[in-house]
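# what shape does this take:
(one chain, ligands or ions: 1)
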Amino acid sequence: MRKRQLGRCGLEVSELALGTWGLSGEAYGPIPEGEAERVVDRAVSLGITLFDTADAYDRGQMERILGKRLPVGRTHVVTKIGTNLDDYPVKQFDKQYLFMAFERSQERLKRDCVDVVLLHNPSLKTLSTDEPFELLQKLKDQARIRAWGVSACSREVAEKAIDRGCDVLEMAYNCFFYRDVRALAVRMRTEGVGLLARSVLSYGLLAGHWTAEREFYPPDHRAERWNQDELKRRVDQTGALRAVVGGQMPTMRSVALRFALENERVTSIVLGPRNPTQLDQLVRDAGRMPPYFPRGALARLENELAARGVTGD
Ligand SMILES: NC(=O)c1ccc[n+]([C@@H]2O[C@H](COP(=O)([O-])OP(=O)(O)OC[C@H]3O[C@@H](n4cnc5c(N)ncnc54)[C@H](OP(=O)(O)O)[C@@H]3O)[C@@H](O)[C@H]2O)c1
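Reported below is the predicted structural model:
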């Protein structure tokens, strides 16, 4: 498993990370008993050293599983705080709440030092307040965390997080949605910000297995994400990936994964498998080292995307 430096914070992590939102049974619907544990164990055995979670995923259950299954010296954990499922408003970033949430996460993860703590989808307004940053800096000074950052749901939020001195950003980045990351790439490089790229399959769409008639049902978040016309448009656009399949990229999945890995600003891509088979496919299709694309293939992909009206935002 190839490793990359997580920005300036000195951590070396696998370029493939395991995400745990889908394993929580909330995001994409139920997961069989014991499946999350099996995926985590398989990831460790495949050499994945970075694991992404949040206190909100199944109310801390994903953190508990990581706390039980991960070998501490050989793995690193990213968690996210700022979602209080027992209160209103759900999003809370005041110092007192964040400290309590951090201590609970730390206990569940069973780590003296949590590698990376991210604010979980804060608003721009939240990032204008000093409280969360005072707390995160204090935790870092006390060596209870190694690095902190923001899971950002917009370019403005990500930019503000860089202004506030974040070590790490987590952002959506894939063949259909790339403009935000590209717009901030120079700042990330000059300021040494590590980037965790999530949703690299655009929630499964880019794997190329769907028809335009595919239906989703709650609690699968995709039930709310696209109406029928939009889904049809998106499925048609995946033809751009199909057009460059071949050789070292035998599947559309491999094109999607390599698109994200090709960007050297990306430290790790956060994979979202729902079972060990999907994880094996993702690890196999990602490739092991650069160049991720054969000569000329990235330019061809970008032309195909543009020809189908994909604008990257
Ligand atoms: N705000 C945040 O901080 C935030 C937001 C989103 C995600 N994340 C993190 O990023 C991780 C990944 O995000 P994501 O769920 O958006 O990722 P994604 O990789 O874009 O989509 C995951 C979905 O892709 C499909 N898939 C996975 N492996 C596949 C395979 N081998 N072949 C075909 N389809 C496959 C599965 O859906 P089907 O098989 O049902 O089609 C799966 O639920 C999450 O687990 C979480 O840790 C963080």
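# for beta bridges, what are the partners of the most centrally placed residue in the chain?
Among the residues of the chain, Arg198 comes closest to the average C-alpha position under CA atoms, centre = their mean, at 2.9 Å. Listed by DSSP bridges, the beta-bridge partners for Arg198 are Ala172.
# ok, and the closest non-adjacent residue to Pro291?
Counting by CB to CB, 6 or more residues apart in numbering, Pro291 lies nearest to Glu262, which is 7.7 Å off, once chain neighbours are set aside. For the C-beta atoms, the positions are set from N, CA and C on the backbone; glycine is no exception.
# am I right that the one you found is in contact with Ala286?
No - between Glu262 and Ala286 there is no contact under CB atoms under 8 Å: 11.0 Å.
# what about the two, which has more around it?
Neighbour count, other CB atoms under 10 Å: between Glu262 and Ala286, Ala286 has more, with 22 against 16.
# let me know the pLDDT of the more buried one.
Note on Ala286: pLDDT of 96.
# and it, what does it touch?
Taking CB atoms under 8 Å, 6 or more residues apart in numbering, we find Ala286 in contact with Glu15, Leu16, Ser254, Leu257, Arg258, Leu261, Ile269.
# quick check: residues of the stretch 101-250 of the chain near the ligand?
Listed as neighbours of the ligand in the stretch 101-250 of the chain under the rule CB under 6 Å from any ligand atom: Asn121, Ser151, Glu170, Arg198, Ser199, Val200, Leu201, Ser202, Tyr203, Gly204, Ala207, His209.
# and the residues you listed, which are buried?
Using 16 or more other CB atoms under 10 Å as the burial test, these include Asn121, Ser151, Glu170, Arg198, Ser199, Val200, Leu201, Ser202, Tyr203, Gly204, Ala207 as buried.
# for the ligand, what is the nearest residue in this structure?
Here the residue of the chain nearest the ligand is Gly19; by CB to the nearest ligand atom that distance is 2.5 Å.
# count of neighbours near Glu302?
Applying other CB under 10 Å, I find that Glu302 has 17 neighbouring residues.
# tabulate the CA atom coordinates of the helix or strand containing it in CSV.
Assigned by DSSP states H and E, Glu302 falls within helix 297-307. What follows is helix 297-307, C-alpha atoms only, in CSV (Å, rounded to 0.1, in the frame of the first residue of the first chain):
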residue,chain,number,x,y,z
ALA,A,297,-5.9,9.1,-20.8
LEU,A,298,-6.6,11.9,-18.3
ALA,A,299,-6.8,14.5,-21.0
ARG,A,300,-9.1,12.1,-23.0
LEU,A,301,-11.3,11.7,-19.9
GLU,A,302,-11.5,15.4,-19.3
ASN,A,303,-12.6,15.9,-23.0
GLU,A,304,-15.2,13.2,-22.7
LEU,A,305,-16.5,14.8,-19.5
ALA,A,306,-16.7,18.2,-21.0
ALA,A,307,-18.4,16.9,-24.1
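# ok, back up a step: next, give me the two most distant ones among the contacts of Ala286.
Comparing every pair within those by CB to CB identifies Glu15 and Ser254 as the most remote, at 14.6 Å.
# picking that back up, what's in contact with the helix holding Glu302?
Here helix 297-307 makes contact (CB under 8 Å, 6+ apart) with 175-176, 237, 239-241, 243-244, 249, 255, 259, 262, 293, 312.
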